[in-house]
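1. predicted model follows, preceded by the sequence.
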Amino acid sequence: MGELPRPDSPVTLPTYADNAAIANGLEPETGATLKVFNWTAYINRAVVRNFEKRYKCKVEITTFNTQEDALAKLNTGDLQFDVFVPTVDVLSSLVAAKQVRPLNHGYIPNIHQAWDFFQNPFYDQGWRYTVPYTIYTTGIAWRNDHVSGSPDQLENPWSFLWQEQYRGKVAILDDYRESIGLGLMYNGETDLNTPDVEKLTAAEQALLNLAKLTSVHIDNNDYTNIPSGQMWIHHAWSGDIAAAEYYMPKGVSVDTVSYWFPRNGRGPVNNDTMVVLAGGKCPVLAHLFLNYFLDVDNVIENISYNGYMQPIHGVTGPRLVKEKLLPPNLTTTVVLESDFPRGLRELQISASARQVWQQDWLNVSRGV
Amino acid sequence: MVLSAPARVRHRQHPPRARRRVLYAGLSVPAILWLAVFFLVPFYAVLSVAGGQIDGIRGTPIPEWNPLIWSRASYHAVFQEFSGTGAFLGPLVLRTVEYVGAASLLSLLIGYPAAYYVSRFATKRKGLLLGLLLAPFWVSYMMRMLAWIGLLQTDGYVNRILIDLHLTSHPVTWLGGKASTVVLGLVYGYVPYLILVLYAGLDRIDSSLLEAGRDLGLGRVRTFLFVTLPLSRQTIITGLLVTVLPMLGDYFTNVMLSGATNTSMVGNAIQGQLQSTTLQTQGAALSLLMLGVLAIPMLYYVVATNRASQAAA
């Protein structure tokens, strides 16, 4: 594997003669079933149904909870999904294993609706394999009717989670990149791709202290656990909290939910992508599916369920608030184009570094 | 005529020994195939993963199918997790034993009287009560645990009742990493299996033995203590094995009802390793070590059953 993709070291992913893009001018597969492999609750079925009507096909969505689960399933080689929604840090591995198919740009004219940054991203120069899907920040969500103060009032805002008085009510994300990253940021580190064992051990120790202090809960249910009050402080993804309104119990206002992300933008900012898998049976429909989810009207409808923003011109915080897709008190979840150059990215790390990260995470999570 | 008819019957009932052997061997073929395909092959695959390497680029496990060159690195890594600098498995093992011990004891205290009542006193309602005992199996384990989440969550019925009865002023965080919730979850999940095994054993106890105890002057309690209980010892061991073994490897109950690191059990550690691509060889090794430990009570069970059979003969 070559150089690791970084903003200051862009990577053009290789193509292979035995894994070519589809030809131009092909008709979409008829009467077919497009198989999509996606995160849980991460796409608006209404938009998918419109796609089915337009292209006279069926779309079958299979979900996964963590990227690791998804990769383990894909690596069995027996599954024939057409579309997959990976994070950026696993792209090189997928390409090297020829699990993803190079894109034929002729089928995806809507790429021009995407922010300029994503028309030639550093992790996939020339967007050979990917189109952008969602964008998000990782911050802290809390129930302001149960928890006093805010991270901004603290010298170390990330220490907002380290509060013993909320024992049993504090949760972190079940994602080794995000949560070890949290430990690093708590310790003042900003390189969220470090292979430095000492820094990683210190991050592990910080999280073990958090576990001891708060009996920390580990889950990816920030979108339900904060609205329901099951958790009061949650390490959270912006898109999950943007959708909090749909999960509030009867009689509880969404105003009780707050979300914090560093004002200077020095927090995790990431995007997920959509790719066409090489083993799929409907490559033309798969291209059209990617194109469909780059159209601004479909994107707005997708956000109305999903909560996660997409990097498409015309999708802005004020518009989302105006169309009542985002409560005014949660505009802190809005991701701006300017967040990408200054934010902290979680990118591909070497296999040996990944082993250290995963071992540290296992030591913290105890497999929960 | 009287003598020859049974002779012909005997001749028809007992084919030559060689044919019988072939017949019996043939009957065992489906079970042998089943075991080979669904146990031995996967078991060998786990051994091969544990003895294999991690791909240096993709970080995924590469099984080593040749047993002569199996690596011991993953076993070494597991032992490091018991005693190395980042050791965390020791407390998990102790906690697992504590939780499973408490859950088994509670299950027995709940299950034995229930099974005893159905087998000895239910009479006409036995069918109905057996149906009720089987009722939990109509609902999947996951759905039963999800139902408990609904009951135990902050604004769930349990907290509402406790507050209405003024037993607490604030909702109890049942799902916030409480050992008691996990133990009760294990009991709830596995007690139906125990009751069924206990019922099957208690129902087979010859009632004339109990009557003999009574005739010899024992009261109800002493009959139970000196006749029923010793006669059901083997059943209790079987029932506990049926529930303890899956409890020891359980991870799902913990994930659903706690999700906190301070209640994590060995099953969770294995699950965590298997979900992390670069740690899957360690997960395979830990699974095998656990299998080795669990084989001890299984062997004890086989020996005890054989002894009991010989004593009965």
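-> Sure, I can see it.
2. so what's the residue count around residue 285?
-> Picked chain A for this. 27 (other CB atoms under 10 Å in any protein chain shown). C-beta: built from backbone N, CA, C; applies to glycine.
3. hm, I was asking about chain B
-> Counted with other CB under 10 Å, residues neighbouring B:Ala285 total 27.
4. give the contact list for the residue most central in space within chain B.
-> Geometric centre of chain B, nearest residue: B:Thr243, 3.1 Å, by CA atoms, centre = their mean. Neighbouring residues of B:Thr243 by CB atoms under 8 Å, 6 or more residues apart in numbering or on different chains: B:104, B:107, B:190-191, B:193-194.
5. try it again at 10 Å.
-> B:Thr243 is in contact with B:100, B:103-104, B:107-108, B:111, B:186-187, B:189-195, B:197, counting by CB atoms under 10 Å, 6 or more residues apart in numbering or on different chains.
6. same check, this time on A:Lys324
-> A:245, A:304.
7. for the residue lying closest to B:Pro171 once chain neighbours are set aside, which residues are in contact?
-> Distance criterion CB to CB, 6 or more residues apart in numbering or on different chains; nearest residue to B:Pro171, sequence neighbours excluded, is B:Asn159 at 4.0 Å. Residues in contact with B:Asn159 (CB under 10 Å, 6+ apart) are B:151-153, B:168, B:170-174.
8. skipping its backbone neighbours, what lies nearest whatever residue of the stretch 101-250 of chain B ends up closest to chain A in space?
-> Distance from chain A to each residue of the stretch 101-250 of chain B (CB to the nearest CB) is smallest for B:Gly176, at 2.7 Å. Using CB to CB, 6+ apart and skipping the chain neighbours, the partner closest in space to B:Gly176 is A:Gly168 (2.7 Å).
9. tell me how many other residues crowd that neighbour.
-> A:Gly168, neighbours per other CB under 10 Å, totals 20.
10. checking my notes, it in a strand, right?
-> No - counting by DSSP: H, G, I helix; E, B strand; the rest coil, A:Gly168 is not part of a strand but coil.
11. from B:Lys178, how far off is it?
-> According to CB to CB, to the nearest Å, A:Gly168 stands 8 Å off from B:Lys178.
12. any shared contact partners between those two?
-> By CB under 10 Å, 6+ apart, the residues touching both A:Gly168 and B:Lys178 are A:215, B:172, B:260, B:262.
13. so what's A:Arg167 up against?
-> Contacts of A:Arg167 by CB under 10 Å, 6+ apart are A:212-216, B:173, B:176-177, B:260.
14. which one of the residues you listed is nearest to A:Gly25?
-> A:Val216 (54.6 Å; CB to CB).
15. for that closest one, what are its contacts?
-> With the criterion set at CB under 10 Å, 6+ apart, A:Val216 makes contact with A:161-162, A:167-172, A:179, A:207-210, A:231, A:233, A:235, A:364-365, A:368, B:176-177, B:259-262.
16. so it versus A:Glu68, what's the distance?
-> Distance of A:Val216 to A:Glu68, computed by CB to CB: 20 Å.
17. now do the contacts for the residue nearest to B:Gly176.
-> Counted by CB under 10 Å, 6+ apart, A:Gly168 has contacts A:214-217, A:231-232, B:172-178, B:260, B:262.
18. which ones among those residues lie within strands?
-> Members of the contacts of A:Gly168 lying in strands (criterion: DSSP state E): A:His217.
19. wait, which of the contacts of A:Gly168 is closest to B:Ala313?
-> Nearest member of the contacts of A:Gly168 to B:Ala313, counting by CB to CB, is B:Lys178, at 49.3 Å.
20. before we move on, which element is residue 49 in?
-> Assuming you mean chain A. Using DSSP states H and E, A:Arg49 falls within helix A:45-55.
21. my question was about chain B, not that one.
-> Using DSSP H and E, the element containing B:Val49 is helix B:41-50.
22. which residues touch the helix or strand following that helix?
-> Counting by DSSP H and E, the next helix or strand C-terminal to helix B:41-50 is strand B:53-54. Residues from elsewhere that reach strand B:53-54 (CB under 10 Å, 6+ apart): A:351-352, A:354-355, B:60-64, B:71, B:73-74, B:277-282.
23. give me the sheet partners of strand B:53-54 and which way each runs.
-> Counting by DSSP bridges, the strands paired with strand B:53-54 are strand B:61-62 (antiparallel).
24. quick one: name whatever helix or strand follows the strand it pairs with.
-> helix B:73-83.
25. what angle sits between that next one and helix B:41-50?
-> If you take axes from the mean of the first three to the mean of the last three CA atoms, to 10 degrees, helix B:73-83 sits at 80 degrees to helix B:41-50.
26. C-alpha coordinates for helix B:73-83, PDB please?
-> Extracted in PDB, the C-alpha atoms of helix B:73-83 (Å, rounded to 0.1, in the frame of the first residue of the first chain):
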ATOM      1  CA  ALA B  73       1.500 -15.400  19.100                       C
ATOM      2  CA  SER B  74      -2.300 -14.900  19.600                       C
ATOM      3  CA  TYR B  75      -2.300 -17.200  22.700                       C
ATOM      4  CA  HIS B  76       0.700 -15.200  24.000                       C
ATOM      5  CA  ALA B  77      -1.300 -12.000  23.400                       C
ATOM      6  CA  VAL B  78      -4.300 -13.300  25.300                       C
ATOM      7  CA  PHE B  79      -2.000 -14.200  28.300                       C
ATOM      8  CA  GLN B  80      -0.600 -10.700  28.100                       C
ATOM      9  CA  GLU B  81      -4.200  -9.500  28.500                       C
ATOM     10  CA  PHE B  82      -4.300 -11.500  31.800                       C
ATOM     11  CA  SER B  83      -1.000 -10.300  33.100                       C
END
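27. show me how far it is from its chain's centre.
-> Relative to its chain's centre, helix B:73-83 lies at 26 Å (CA atoms, centre = their mean, to the nearest Å).
28. does chain B sit close to the longest strand belonging to chain A?
-> Longest strand in chain A, counting residues (DSSP E): strand A:131-143. No - applying CB under 10 Å from any CB of the partner chain, one finds strand A:131-143 out of contact with chain B, separated by at least 10.5 Å.
29. list the buried residues in stretch B:221-235.
-> Buried residues in stretch B:221-235, counted by 16 or more other CB atoms under 10 Å in any protein chain shown: B:223-224, B:227-228, B:231-232, B:234-235.
30. make TSV from those and add distance to A:Met248, pLDDT and secondary structure to it.
-> Shown next, in TSV, are the buried residues of stretch B:221-235 (distance: CB to CB, whole Å; pLDDT from 0 to 100; DSSP: H, G, I helix; E, B strand; the rest coil):
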residue	distance to A:Met248	pLDDT	secondary structure
B:Thr223	60	90	helix
B:Phe224	55	90	helix
B:Val227	61	90	helix
B:Thr228	56	91	helix
B:Leu231	58	92	helix
B:Ser232	53	92	coil
B:Gln234	55	89	helix
B:Thr235	51	93	helix
